[in-house]
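> Take this sequence and fold it.
(chains A, B, C and D)
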Amino acid sequence: MNRLTEFMLPPAKSTTAESTDALFHFINVTSIILLLGITVAIIYFSWKYRRRSDDDVTPVIAHNSKLEITWSVIPLILVMIVFGWGFTGYINLITPPDDAYEIRVVGKSWLWEFHYETGHVSVNELHVPVNRPVKLIMSSDDVLHSFYIPDYRVKMDVLPNRYTSLWFEATEISESVIYCTEYCGTAHSNMLATAHVHSQEDFETWLESAGSADDDMDPAELGEQLVTRNACNTCHSSDGTRLIGPTFQGLWMAERTMQDGEVVVADENYIRESILEPNARINEGYDPVMPSYAGSLNDRQIDAIIEYIKTLQ
Amino acid sequence: MSQTSSTEEKLDHLKHYFVDSDQQFEASKLGMWVFLVTEILFFGGLFVAYIVYRAWYPELFLLASEELDAFWGMVNTFVLIGSSLTVAMAIRSAQLNQIRGLIINLWITIGLAITFMVIKYFEYSEKFAKGIVPGSAYSYEGVAHEKANIFFSIYYMMTGLHGLHVIIGIGLMIWLVIKAKKKVFHSGYYTPVEITGLYWHLVDVIWIFLFPLLYLID
Amino acid sequence: MSGHHISSARFLWGVAIVLFFLTFLTVAVTWIYIPGPWNVVVAIAIATVKALIVSAFFMNLYWDSKFNILLFVMSIAFFLLMIGITLLDTLFRVDPIPSF
Amino acid sequence: MATNDSTTNVKRLQVRRYKPEENPETHYLNQEKGLWAWLTTVDHKKIGLMYLGAIAFFFFVGGVLALLLRTELLTPARSFMDADVYNQVFTLHGAIMIFFFLIPAGPAVLGNFILPLQLGAKDVAFPRLNLASFYIYVIGAVFTLVAIFTGGVDTGWTFYTPYSATTGGNVMAMTFGVFILGFSSILTGMNFIVTIHKMRAPGITWNKLPLNMWALYATSIIQILATPVLAITLLLLTMERALGIGIFDPALGGDPVLYQHFFWFYSHPAVYIMIVPGFGVISEVISTFSRKIIFGYWAIALSSLAIAFIGFLVWGHHMFTAGQSSLANMVFSFLTFLVGIPTGIKIFNWLATMYKGSIDMKTPMLYAMVFLFLFTLGGFTGIMLGALSVDIHLHDTYYVVAHFHYVMMGGMVMAFLAGLHYWWPKIFGKMYSEFWAKISLGLLFIGFNMTFLPQFVMGAQGMPRRYFNYIDQFQSFHQFSTIGAYVMGVAFVIMAGYMLHSLMKGKPASANPWGSRALEWQTSSPPDLHNFHHTPVVINGPYDYHKPMSEFQLGIATSHNGHGHHDHETVNVPKTEKEQA
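Numbers count the residues shown, from 1 in each chain, chains lettered A, B, ... in the order given. Take a look at the predicted model:
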């Protein structure tokens, strides 16, 4: 069973995963037994009752009440078991414990923002403490997204006009992948994030130091890190490749043509505006799809990104 | 019943794949009823949108319906019910072989249908002038609710699609008049009149619900 | 044949007058105050009666084959199913509220 | 109808035996000549063939798109197309296969051809509407092609708002095209209901209706009840894009989950529009090739209706993670399991029909067996997805993709091909090569499982659907899957080859090559333009293989009188509904 689990399912790293997996295996095993039975019957019948001559006479067997009731009632009982099992699991999945630690999640095309109660915002990196229930309150900035951590067996759509939530309790200190599973456009399949599970102390240390850890870093170096951490590089390359947005290479002080024909020099003000109000001016040949980073990047961080862009000549 | 005289009747209308006139008539009528089922569910979708939004924002519907003129809504209801009556009379005329009566009743129906559309036109243009338009160009400030545009979107979709059905109905009636003048219909064959009548009554029934749901929210 | 019912002119006029009266009634009840959801209930009830009269006597369902009636009923039933089940969602949503 | 007196429920008809003519000189294919006669024909058989041509074209297009997708997925990053192109390709693959192939394949192709024949009618009730339905389909297709060539569509076949309301490309042309297409489906459904009710040959009472007719009847009911809701949904979506009416767009105050309710109210029953005609075909094929009376006639007939009905109550299982209320989730999950029961009943009944039969392993029967296996697997994985807690994990992953392809391709496409091979001799009057047909089926079976079995594993491990890129751990699964897709491609090329060969040089088929008792086999192959030279009269059930063939070839002369023949006999025929009314 363990080897089958390893093959069929990702590692179970939350408190609720095991009950989901148990039902998964129950349905699998029951189905395989029934499917084998049906397949053997098909093959056996087609050999045993193969046509021997064109004058074969077949018996008139039009119905058999006992048999028919049996094969209606047994499946009914089986599916009701599955329903009840799935139902109780679901109730568990939608009922977070009262003491759950709350994190706000914002989905934007195409990145995940995680807001913590301290005001700290991390992009595409979810940090959570181990062995403590965590409740995510989620919303979207633009279209539908869906937040999915396979290792925790949790998933919930993220909507622009409402809050949705999910909860989990991580059981081991490790990293897990986070996917967007509601189709959301060009870079849908790049909208990945990572869940980092820390021990309670490490988590608190991280939370305290998160905002200030990069104080003493070289601005350009910090900028490079921010570009990765905030998923800018999903759409903007640093080597001249054309992705969803214009490349950063050679951007500094270049003359850019906008959609309305206006020509703008990519100076500090322009880049700042592009980060905070990305749809104010759109480069010719590109779509207005970038989300705003107002609130998730502070002035110092924006300066650092500009310093980094300057290095990409 | 009608079989006794069927040998003397004209049978040009009978398609070769039907056994007799009755089978053809019954099939056409059943077909029309099946079509009406699709119409009911087509409008049903809009009613679902209406009910869901009304359940969410009852106060919006209260406020916004004040922009609609219940008096003209009532007049239009009378007009449509009147046209239903004349269609029923037209069918009766056809059944009794009174072709003149059939044509007159159809003309009255067309007249009433046009009256309905004219009133609708004035209602719409009065709202357009105020900036109550369907969609994102909505600019009227008079309804103090942030979702006022949605009420009017639903209003325009419902009455607009209903109006489209009225226009199609007018076209069908004119076609019937032309056919009637060519002496196509008689007491043994009036299937198109009957099924157009069914269609017209359904258009009436839908309005019977639209009127209180949109205009009469107090 | 069930499909060939011929109504008298007097009967058709009678039906129309009842419909006119009910239309007037549905407007008139808005002049008096009916509390809560009951104003909607009354409006829909009158409209339903009118729709039944039209379908029974103008559309001849009263004299028609049972299957045509079944079709009509079925379309209403499926509409009610659609709205009923959709309301199971839209009326019972409980959205969480972020605490910060 | 309280009275049960045999004199009122039975009428006496003067019938004689009409043995079908073998290989007639004139038949529906050559009776009217010229392209114009084809394009304006109101003959249900020719309209069915025109539909067959159209869906074969779209199946080819959709299939090529699928191969492009699979090829792109050979490597975790970009292989040869951009993400935007990939998104358009999967949207088109889905939309074309569903709206232009799967939905018309059952009713409009096989149904159109077979339904009047099995009822002993000369045509459907409204032949001109039938032709109109075909041209409406063509117009819908033109709009879709316009959409493809004027910017494309990248919304996924579900057109979820708000993405579909805001993305670039020509979504409006596409949604409007599908809107138009809906009317073609409605007209087909309308035609079939009326035809089954009013145009059955003497003696075909409701309990002598072939199960294929019951299946098409259930399908038609879904078509007329569900398709109008698709129409209004897509109209609202079109208006959302054209004007911004805001009902579904949250940016304007609307609700995207409401859109999903509207969409799935149609699109879930629509999967039964696709699969239920397949059930009908399988019932015919298994009974014919087992040469045995069908087991549980009423169980199969009524389960089709039950599936049609319950199918309307389960649409919300597509929305378990969408943010609908948990109450709705529970109700939908419960109702979903109820659909499993009538489906299971059918499978057991088909198995019981094979028991003690005289089974002839011809190509259509092999297809039916492949159907039984693949569809059962698809059904079981459906149970998996219906279970709430497991679905939370599996939703929107490749597991769903695999499940859907097992029921739609493993189910409907196999059933459609079973029907096509079964009725091929009737349709074209030619036989095809059994050898190549079996080779092709074998490859198809292997290729299909290679393609989609790994997708179950991938999905369970968390691979989301509609992904252009993926993390490296899934690469071997994806590559295996892609190779399977190529194998299927080869199988279809072989199929096209032997079918074309059959059309050109195939051996002439006899009127009833499989020894079936059903009515469509009691006329010549191919049939006359008016199907029968006589009015067929039915006294036995369609699966009464224990009765002699001669009792299935009765009829009265079309001139109604039946006098003047010396060899006729008198039989008692139960009155059909029309005659009782």
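
> going forward, measure contacts and count neighbours with C-alpha atoms only.
Fine.

> check whether the lengthiest helix in chain C contacts chain A.
Ranked by residue count and defined by DSSP state H, the top helix of chain C is helix C:66-90. No - for helix C:66-90, no contact with chain A is found by CA under 8 Å from any CA of the partner chain; the gap never falls below 12.6 Å.

> and that helix, what does it pack onto?
helix B:21-56, helix D:326-354 (3 or more CA pairs under 8 Å, 6 or more residues apart in numbering or on different chains; DSSP states H and E).

> and the helix or strand hosting residue A:275, which residues are buried?
Counting by DSSP states H and E, the element that carries residue A:275 is helix A:268-276. Using 16 or more other CA atoms under 10 Å in any protein chain shown as the test for burial, helix A:268-276 gives A:268, A:271-272, A:274-276.

> got TSV for those residues, with distance to chain D and pLDDT too?
What follows is the buried residues of helix A:268-276, written out as TSV (distance: CA to the nearest CA, whole Å; pLDDT from 0 to 100):
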residue	distance to chain D	pLDDT
A:268	30	84
A:271	25	86
A:272	26	85
A:274	21	87
A:275	21	86
A:276	20	85
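
> Distance to residue D:258 added to those, as JSON lines?
Below are these laid out as JSON lines (distance: CA to CA, whole Å):
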{"residue": "A:268", "distance to residue D:258": "44"}
{"residue": "A:271", "distance to residue D:258": "39"}
{"residue": "A:272", "distance to residue D:258": "38"}
{"residue": "A:274", "distance to residue D:258": "34"}
{"residue": "A:275", "distance to residue D:258": "33"}
{"residue": "A:276", "distance to residue D:258": "32"}
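
> just to revisit the earlier point, residues in contact with the helix holding residue A:275: which ones?
A:264, A:280-281, A:292-294, A:302, A:306 (CA atoms under 8 Å, 6 or more residues apart in numbering or on different chains).

> repeat that with 6 Å
A:292-294 (CA atoms under 6 Å, 6 or more residues apart in numbering or on different chains).

> any idea which of those residues is closest to residue D:533?
For the contacts of helix A:268-276, the closest approach to residue D:533 (CA to CA) belongs to residue A:292, at 74.5 Å.

> What segments of chain A are helices?
Counting by DSSP H, the helices of chain A are A:2-8, A:17-48, A:65-94, A:200-209, A:219-229, A:268-276, A:299-311.

> What segments of chain B are helices?
According to DSSP H, the helices that chain B contains are B:21-56, B:58-64, B:70-95, B:99-130, B:148-181, B:191-210.

> do the one helix or strand in chain B whose mean pLDDT sits lowest and chain C meet?
Taking mean pLDDT, DSSP states H and E as the measure, chain B has helix B:58-64 as its least confident helix or strand, at a mean of 90. No - Helix B:58-64 lies apart from chain C when judged by CA under 6 Å from any CA of the partner chain; the minimum separation is 10.1 Å.

> Can you name the residues in contact with that helix?
B:143, B:217.

> circling back: quick check on the contacts of helix A:268-276: which are buried?
A:292-293.

> Report the inter-axis angle for the longest helix of chain C versus helix B:21-56.
20 degrees (axes from the mean of the first three to the mean of the last three CA atoms, to 10 degrees).

> What score does residue D:77 have for pLDDT?
For residue D:77, the pLDDT comes out at 90.

> same question, residue D:138
On the pLDDT scale, residue D:138 gets 96.

> which SS state does it fall under?
helix (DSSP: H, G, I helix; E, B strand; the rest coil).

> neighbours around residue D:12, how many?
12 (other CA atoms under 10 Å in any protein chain shown).

> what are the bridge partners for it, then?
Beta-bridge pairing of residue D:12, defined through DSSP bridges, involves residue D:572.

> Correct me if wrong: it contacts residue D:572.
Yes - Residue D:12 is within contact range of residue D:572, at 4.9 Å (criterion: CA atoms under 6 Å).

> The helix or strand harbouring residue D:236 vs chain A: in contact?
Residue D:236 belongs to helix D:211-242 when assigned by DSSP H and E. No - for helix D:211-242, no contact with chain A is found by CA under 6 Å from any CA; the gap never falls below 13.9 Å.

> Just the buried residues of that helix, please?
D:211-241.

> try stretch D:252-266
For stretch D:252-266, the neighbour count (16+ other CA under 10 Å) marks D:252-266 as buried.

> which among the residues you listed gets closest to residue B:24?
Of all the buried residues of stretch D:252-266, residue B:24 sits closest to residue D:266, with 31.4 Å by CA to CA.

> ok, back up a step: adding mean neighbour count as columns, could you present the helices of chain B in a markdown table?
Formatted as a markdown table, these follow (neighbours: other CA atoms under 10 Å in any protein chain shown):
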| stretch | mean neighbour count |
| --- | --- |
| helix B:21-56 | 21 |
| helix B:58-64 | 18 |
| helix B:70-95 | 23 |
| helix B:99-130 | 18 |
| helix B:148-181 | 19 |
| helix B:191-210 | 22 |
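
> could you give the angle of the helix holding residue A:275 to helix A:299-311?
Interaxial angle, helix A:268-276 versus helix A:299-311 (the same axes, to 10 degrees): 120 degrees.

> I'd like the distance from helix A:268-276 to the chain centre, please.
29 Å (CA atoms, centre = their mean, to the nearest Å).

> In CSV, list the C-alpha atoms belonging to that helix.
C-alpha atoms of helix A:268-276 as CSV (Å, rounded to 0.1, in the frame of the first residue of the first chain):
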residue,chain,number,x,y,z
GLU,A,268,13.4,56.7,-12.5
ASN,A,269,9.9,58.2,-12.4
TYR,A,270,8.7,56.1,-15.4
ILE,A,271,9.9,52.9,-13.8
ARG,A,272,8.4,53.8,-10.4
GLU,A,273,5.1,54.6,-12.1
SER,A,274,5.2,51.3,-14.0
ILE,A,275,5.6,49.4,-10.8
LEU,A,276,2.9,51.2,-8.8
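
> Backbone dihedrals for residue A:99, please?
Here is the backbone geometry of residue A:99 (degrees, to the nearest 10): phi -90, psi 20.

> from chain A, which residue is nearest to chain B?
For chain A and chain B, the shortest gap (CA to the nearest CA) falls at residue A:161, measuring 13.1 Å.

> ok, now which ones touch that residue?
With CA under 6 Å, 6+ apart, residue A:161 has these contacts: residue D:250.

> rerun at 10 Å
For residue A:161, the contact set (CA atoms under 10 Å, 6 or more residues apart in numbering or on different chains) comprises A:139-144, D:249-256.

> For it, grab phi and psi.
phi -110, psi 0.

> Quick check, pLDDT for the residue most central in space within chain D.
Geometric centre of chain D, nearest residue: residue D:106, 2.6 Å, by CA atoms, centre = their mean. According to the prediction, residue D:106 has pLDDT 92.

> State the pLDDT value of the closest residue to it other than its chain neighbours.
Among residues not flanking residue D:106 along the chain, residue D:277 sits closest, at 5.2 Å (CA to CA, 6 or more residues apart in numbering or on different chains). Listed pLDDT for residue D:277 reads 96.

> quick one: residue D:277 and residue D:213, what's the gap?
According to CA to CA, to the nearest Å, residue D:277 stands 9 Å off from residue D:213.
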